[in-house]
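[1] My questions are about this predicted structure, shown below with the sequence.
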Amino acid sequence: MSVRLALLHLTPSNAPKRRISNAMLVRIQFAILILLISLVTAASADDVAKRLVTLGDPARGIEPCATCHQANGGGSESIGAPRLAAVNAFYLAQQIDNFNDGNRKHSIMQPWAELLTDAEIAALSEYFAALPPASNARVPADSDPKDGEWLALDGDWTERRLPACGQCHGRLGSGVGQHFPALAGQPYSYLVRQMAAWTTGERTGDPLGMMGAVNAKLSVAEIQAVAAFYASLPVADSAVASGASSPGSSATAMSPPQQSSEPAPMAHKKPLPHQGEVPSGRLPGKAGHFNPPARGDKPGDAFGEEVALGERIFTQTNSHEISGKYVGNQQTCEGCHLDAGRLADAAPMWAAWVAYPAYRSKDKQVNTITERIQGCFNYSMNAQASEVGHPPAAESPVIHALESYLYWLATGAPTGDKAMPGRGYPKLAETEQGFDPQRGAAIYEKNCAICHGADGTGGDASDTMVFPPLWGARSYNWGAGMHRIDTAAAYIKTNMPLGNFLELTDQQAWDVAAFMNAHERPQDPRFAGVVAETAEQFHGSQFDYYGKREGADGKLLGTSSPGSAQ
């Protein structure tokens, strides 16, 4: 049947007759042709993938993928084959490229990777990514998953600048974007083998050499422990994140995380190596930094429960059931105060607690610690755009819990000491070249976009923000301290990238901070209707672009912020 006859056949008999012009007919025919081609192509790609998975290609010597990875894509413990089911398609395709390029070495995968066409690689990657989450992982009988929990969830920042695995792969190993794969439910034998391969240099090709740097800090026993932890985790909750778009993509850019259903963490079986028998909060560490109480030292009473609640709010501020309603973006306290507010030189909370009440020029008044916390909600968390439209009240459960947590972190710290080593971010001296967003753009693209996204909108793992947004609607607003270029540069120089596996120069830190803060973000809560007046009153610093520099849309920064009158 011709296209014209088909259209007439589908037209109701009582519909008004309308002549179809030749030009219109050509456009319709072309649209239908594209649709048919896309449907056939999709079906063909799926057929190609299923054939390779179940039958392989004997003519080319390619065995079925299911022989090693199993029909459900859950991997195999006996031969150390990885789980592929529900893992991000981009990541899977990239690994085939790594086998082709020699970045990964495997006696079976390398020869087969060279035989696969680009279309087959794409088809296989999409096929496995679309499978329901599945895992065939088995933890060795002599391994206890709890032994690796502290590395996976907390890391060891103080001694080794070692971030938690979950800091990049999602707290429960669900994977983040295109470059950080799911770890939950990966076979233990596969994880141990890959960690060893990074240690020896047999495997490379990871973004910026991150994994090689991380592995260099781990012992064999620690690798085995963390592998057992992730192999023991269920994969049901990891499919959304592992199949998600890259950080900052349109698919995730404005989707608010759902309330976390994360199970309560397992109790640590032993303290971190650097804690030893040193009394919590009493003696300084090697650099003269205060040593806060160990995570496992929380009191076993009602106060300890309040401290634990405060810690959860601190790390999950935007999604926690009692604090999320006060957050108008996708920020957490931990985004600026690393290691749950424990890490020296990352604005630790033990140093903040003992320094208040204090006069702040920003508010032109004496602030209590309560007001300081409320200010963080107002500016860094953009409470004006939250569900309730304001920060939590002084007598709210959120403030009570956070204050309890901060107070406990400062156990043994000298009250009133406003110059504790490690407080705030180490000040970064200005450079002769100043700072330049254009120079910073190249630095950001090379070193930062892998985590925070090319468009700065961050990266989620299922229901948890992992890499915080740096500009745009989900970021901190124009009143937050991090919008100042000098503050951002100091933070970046000391703490970024996570784990300091590579070190930016002072100049690079200044330039990338300028680039980051040369983008539009939510309006300053102190805005009274005129950007120029707000800039004059609150943004006179040379390190502040608000109302002074044009953004990407050609308008002065601040004028395109939500709520601006100009």
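    Everything's here; your move.

[2] what about residue 343, how many neighbours?
    By other C-beta atoms under 10 Å, the residues close to residue 343 number 22. (Each C-beta comes from the backbone N, C-alpha and C, glycine too.)

[3] Just the strands from the stretch 451-566 of the chain, written as ranges.
    Counting by DSSP state E, counting those that start in this stretch, the stretch 451-566 of the chain has strands at residues 459-461, 464-467.

[4] For these, could you give me TSV that also reports mean neighbour count, distance to residue 401 and mean pLDDT?
    TSV is the format used below for those (neighbours: other C-beta atoms under 10 Å; distance: least, C-beta to C-beta, whole Å; pLDDT from 0 to 100):
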stretch	mean neighbour count	distance to residue 401	mean pLDDT
strand 459-461	28	24	84
strand 464-467	24	19	87
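
[5] now the stretch 101-250 of the chain, which segments are flagged as low pLDDT?
    Where the stretch 101-250 of the chain drops to pLDDT under 70, the residues are 236-250.

[6] can you pull out the helices in it?
    Applying DSSP state H, counting those that start in this stretch to the stretch 101-250 of the chain gives helices spanning 109-115, 118-130, 149-153, 157-160, 166-169, 188-200, 210-215, 220-231, 239-242.

[7] Run through the neighbouring helices and strands of the third one.
    Under the contact definition 3 or more C-beta pairs under 8 Å, 6 or more residues apart in numbering; DSSP states H and E, helix 149-153 sits against helix 220-231.

[8] Please parse the protein into its domains.
    Domains of the chain are assigned by automatic domain parsing as 3-54, 60-244, 295-409, 437-538.

[9] can you list the ones you listed in JSON lines and add distance to residue 288?
    Output for the domains of the chain, formatted as JSON lines (distance: least, C-beta to C-beta, whole Å):
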{"stretch": "domain 3-54", "distance to residue 288": "58"}
{"stretch": "domain 60-244", "distance to residue 288": "13"}
{"stretch": "domain 295-409", "distance to residue 288": "9"}
{"stretch": "domain 437-538", "distance to residue 288": "16"}
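
[10] Pick the most deeply packed of those domains.
    Most buried of the domains of the chain, by mean neighbour count (mean count of other C-beta atoms under 10 Å): domain 437-538, with a mean of 21.

[11] so who does residue 334 touch?
    Contacts were defined as C-beta atoms under 8 Å, 6 or more residues apart in numbering; by that measure residue 334 touches 314, 315, 317, 340, 341.

[12] List the contacts of the fourth one.
    Shown here is residue 340, whose contacts under the criterion C-beta under 8 Å, 6+ apart are 154, 311, 314, 315, 334.

[13] How much space separates it from residue 292?
    Distance of residue 340 to residue 292, given as C-beta to C-beta, to the nearest Å: 10 Å.

[14] State the distance from residue 520 to residue 436.
    Remark: distance between residue 520 and residue 436 (C-beta to C-beta) = 19 Å.

[15] where in the stretch 401-550 of the chain is pLDDT low?
    In the stretch 401-550 of the chain, residues with pLDDT under 70: 462-463.

[16] picking that back up, how about the helices of the stretch 101-250 of the chain in TSV, adding distance to residue 475?
    Listed next are the helices of the stretch 101-250 of the chain as TSV, based on distance: least, C-beta to C-beta, whole Å:
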stretch	distance to residue 475
helix 109-115	40
helix 118-130	29
helix 149-153	26
helix 157-160	24
helix 166-169	19
helix 188-200	33
helix 210-215	24
helix 220-231	30
helix 239-242	21
